[in-house]
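**Student:** just coords:
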């Protein structure tokens, strides 16, 4: 092995990591990440990181941040009938339920700002510089959440070179994407960068009752950044953004029947319109409104100030998120359950202040303070006749919670360089959480409705009901890294993470029901090896890990006693323990200056190590029973369907997955270069149910894509034909079991998409 290239001028703190090319231009370029809150070469960081450049996303024609699952095998994305139930999972672990009072196990961070709601980080993010997926508990340095991992997104900052870029693509189902970027120096100390995008795509689910096509998307937004650098010791970055997303989303379709289901009302209504439940079905007959309208905006101020060789960083941010959605969960043309939606308004204020010491001495460190304040006000209207066949009585409820979240912390991590080759790592974070249900008001949608069975109107607030939960925690990380050679680094770490308490609130909440879930506490052991070979023509990294998560927050059946009555209800609460363990590897190879190949793979087994009070889909499911004993008592609760999930695989968690990409350039003349980009990813079978229901399983599948095109040698323009899911492999985003039918969420990723792309660029490149 040859010596790796020395990197001598990395900034101590930055929001936009920048790849650094090798000296001879023939090896794999170094990647700079901020996994430890300072800019470092990925090969020097003792953390399992998947780093995906914005150029890689563009080469695969992937613009939505959720698409990183197709390039990073350890990452999954759980789709739902609205963004409130969606979220990332890393190493098989995520938050698998509607949880407005519960933070995500995988935190999404954009330009150093933690996003408080799952829907805020699932749209299109234009002008991406890099996406880093930090695997395993990361809450010690990254703040809120991160008990299973962090998806850290950085967008490009202004530079002192003028440039203007544009991209237009058009493909199957009228998929149209338009993106424009302008970077302009205003003075020699001030620069501006703005970008905007417009995307749309036709729907692919036919509603034969209303003659509408569902699942179409239209979205747009912009981001602006102003960078002021009066001298080498100070930079001030002001950023603002706005985005709007509208879609006829997200309606499930019926893909199968269960038992005597042909006599079921839902299935019989499908038959009226000639709809046959099947795995390939893309038709429905719902009569309720189907929509998802989401708007968000915000701004941030980042200041980096050097004091000698020390750097002080401050990031202040405010964000606002508004959502309106509805889905017909009655699955018919009659008003069984046509209203099941949400109106949410979220705002958050965050502040991070940190100090980075210089590197090169005996000890270097990063230390800081963090503050997070979030308010969520929501209304969840639900209305329908709730009967098969539809009756005349209309039932309804509209739960309206007001949730306040306050979080602040002090943190620090130090590297102790015992010898030139051995470094010890120690860090800790003290966190205080204050979670309050300010008030809860459940009314009827219409004054003429009857209340939902067991959910009469209800009102209480923090002054007359115990609806506050505080928690304090100390999380930490210990480890060591050893330079075996200049090109081989081994590391071992132990990390204790933390995710704050959650509110297990449901629309049918009853007074006396447990309201809060306990904090989620992960413990992670990890060993890894990062290597470079053949003068950096090959990079190969591998890690092994095992993680136990105590009090994992998920949907459980919780027994409780109120006024001497034995009750049980489904809510977000704590499973006993989750265990995930496995091996991950990634490589990058550049055998010639024209050819680059990258790949990664993961074998992961994520299980419920202790989860006796799960739920089953229907009473006749094998192993489902209708009573349980309240822990610590002999009291038997007969009211709810219980299932022992202990030993079962976590939902939507494939055991084996991998991804491969290849890029080849071929000069065609002195002014043009041809290029070929290909990608393929595979994931093994999954079960979308926590209880292992065989009717919620999906077989493994692989999808391929790529581009072929030509560009000018000076980088001024390029044109290409692209394809996603070349072989039109059909799969679904999720499968549910309604007891008499199977319903599935469809995804546009399962549709072969072919189109053209045109890129143009003026100025610096």
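**Tutor:** The structure has been received and is ready for your questions. Values in this document were obtained by computation on a predicted structure and should not be read as measured data.

**Student:** Distance of residue 370 relative to residue 312?
**Tutor:** 15 Å (CB to CB, to the nearest Å). (Glycine included, C-beta is placed from N, CA and C.)

**Student:** Ignore what I typed, I meant residue 740.
**Tutor:** Taking CB to CB, one finds residue 740 at 62 Å from residue 312.

**Student:** if you count what's nearby, which of the two comes out ahead?
**Tutor:** residue 740 (19 against 16; other CB atoms under 10 Å).

**Student:** Surely the more buried one and residue 256 touch.
**Tutor:** No. Judged on CB atoms under 8 Å, residue 740 makes no contact with residue 256 at a distance of 10.2 Å.

**Student:** can you list the weak-confidence ranges in the stretch 201-350 of the chain?
**Tutor:** Within the stretch 201-350 of the chain, the segments meeting pLDDT under 70 span 259-263.

**Student:** where do the helices sit along it?
**Tutor:** 265-272 (DSSP state H, counting those that start in this stretch).

**Student:** ok, now the stretch 451-600 of the chain?
**Tutor:** Under DSSP H, counting those that start in this stretch, the stretch 451-600 of the chain gives no helices.

**Student:** Skipping adjacent residues, who's closest to residue 135 in space?
**Tutor:** Among residues not flanking residue 135 along the chain, residue 48 sits closest, at 4.3 Å (CB to CB, 6 or more residues apart in numbering).

**Student:** Just list the residues touching that neighbour, thanks.
**Tutor:** Shown in contact with residue 48 (CB atoms under 8 Å, 6 or more residues apart in numbering): 134-136, 526, 528, 543, 545, 584.

**Student:** and the gap between it and residue 134?
**Tutor:** 7 Å.

**Student:** same check, this time on residue 364
**Tutor:** Relative to residue 134, and taking CB to CB, residue 364 is found at 20 Å.

**Student:** The helix or strand where residue 383 lies: partners in the sheet, and parallel or antiparallel?
**Tutor:** If you go by DSSP states H and E, residue 383 is part of strand 363-384. If you go by DSSP bridges, strand 363-384 pairs up with strand 339-356 (antiparallel), strand 395-417 (antiparallel).

**Student:** shouldn't residue 298 be in contact with residue 317?
**Tutor:** Yes. Contact criterion CB under 8 Å: residue 298 and residue 317 qualify, at 6.4 Å.

**Student:** Please enumerate the shared neighbours of these two.
**Tutor:** With CB under 8 Å, 6+ apart as the test, residue 298 and residue 317 both reach residue 113.

**Student:** what's around residue 475, how many residues?
**Tutor:** 24.

**Student:** I'd like the distance between the closest residue to it other than its chain neighbours and residue 382.
**Tutor:** The shortest distance from residue 475 to any non-neighbouring residue, by CB to CB, 6+ apart, is to residue 498 (4.4 Å). As judged by CB to CB, residue 498 and residue 382 stand 34 Å apart.

**Student:** Also residue 333?
**Tutor:** 19 Å.

**Student:** Residue 335 too?
**Tutor:** 12 Å.

**Student:** Repeat that for residue 328.
**Tutor:** Separation of residue 328 from residue 382 (CB to CB) stands at 11 Å.

**Student:** same deal with residue 431?
**Tutor:** From residue 431 to residue 382 the distance is 35 Å (CB to CB).

**Student:** Touching, residue 426 and residue 477? I think so.
**Tutor:** Yes. Counting by CB under 8 Å, residue 477 is a contact partner of residue 426 at 7.3 Å.

**Student:** Report pLDDT for residue 556.
**Tutor:** Looking at residue 556, its pLDDT reads 68.

**Student:** Now do the same contact list for residue 253.
**Tutor:** 205, 281-284, 743-744, 746.

**Student:** thinking residue 141 is in contact with residue 36, fair?
**Tutor:** Yes. Using CB under 8 Å, residue 141 is in contact with residue 36, at 6.5 Å.

**Student:** Neighbour count for these two, which is higher?
**Tutor:** residue 141 (24 against 20).

**Student:** so that one sits in a helix?
**Tutor:** Yes. Under DSSP: H, G, I helix; E, B strand; the rest coil, residue 141 sits within a helix.

**Student:** when you give positions from now on, start the count at 7
**Tutor:** All right, first residue 7 from here; so that's residue 147.

**Student:** Please report the distance of it from residue 115.
**Tutor:** Counting by CB to CB - residue 147 and residue 115 are separated by 11 Å.

**Student:** Equivalent analysis for residue 172, please.
**Tutor:** 28 Å.

**Student:** Backbone dihedrals for residue 57, please?
**Tutor:** phi -110, psi 120 (degrees, to the nearest 10).

**Student:** Let me know the pLDDT of it.
**Tutor:** 83.

**Student:** picking that back up, closest to residue 581 among the contacts of residue 54?
**Tutor:** residue 142 (19.2 Å; CB to CB).

**Student:** Let me see the contact set for the closest one.
**Tutor:** Residue 142 is in contact with 53-54, 96-97, 154-155, 501, 528, 530, 532, 551, 553, counting by CB under 8 Å, 6+ apart.

**Student:** most surrounded residue in these?
**Tutor:** Neighbour max across these (other CB under 10 Å) = residue 154, 33 neighbours.

**Student:** so what's that residue up against?
**Tutor:** So residue 154 contacts 95-97, 99-100, 111-112, 142-143, 528, 553, 555 (CB under 8 Å, 6+ apart).

**Student:** how close does it sit to residue 736?
**Tutor:** 29 Å.

**Student:** Can you tell me the SS state at the residue nearest to the spatial centre of the chain?
**Tutor:** For the chain, the residue nearest the mean C-alpha position is residue 94 (3.1 Å; CA atoms, centre = their mean). Classification of residue 94 by three-state DSSP places it in strand.

**Student:** from what I can see it touches residue 121, true?
**Tutor:** No. Contact criterion CB under 8 Å: residue 94 and residue 121 do not qualify, at 11.3 Å.

**Student:** list residues touching both of these two?
**Tutor:** Contacts common to residue 94 and residue 121, judged by CB under 8 Å, 6+ apart, are residue 114.

**Student:** so residue 502 sits right up against residue 479, yeah?
**Tutor:** No. Using CB under 8 Å, residue 502 is not in contact with residue 479, being 9.1 Å away.

**Student:** Thanks again, I'm all set now.
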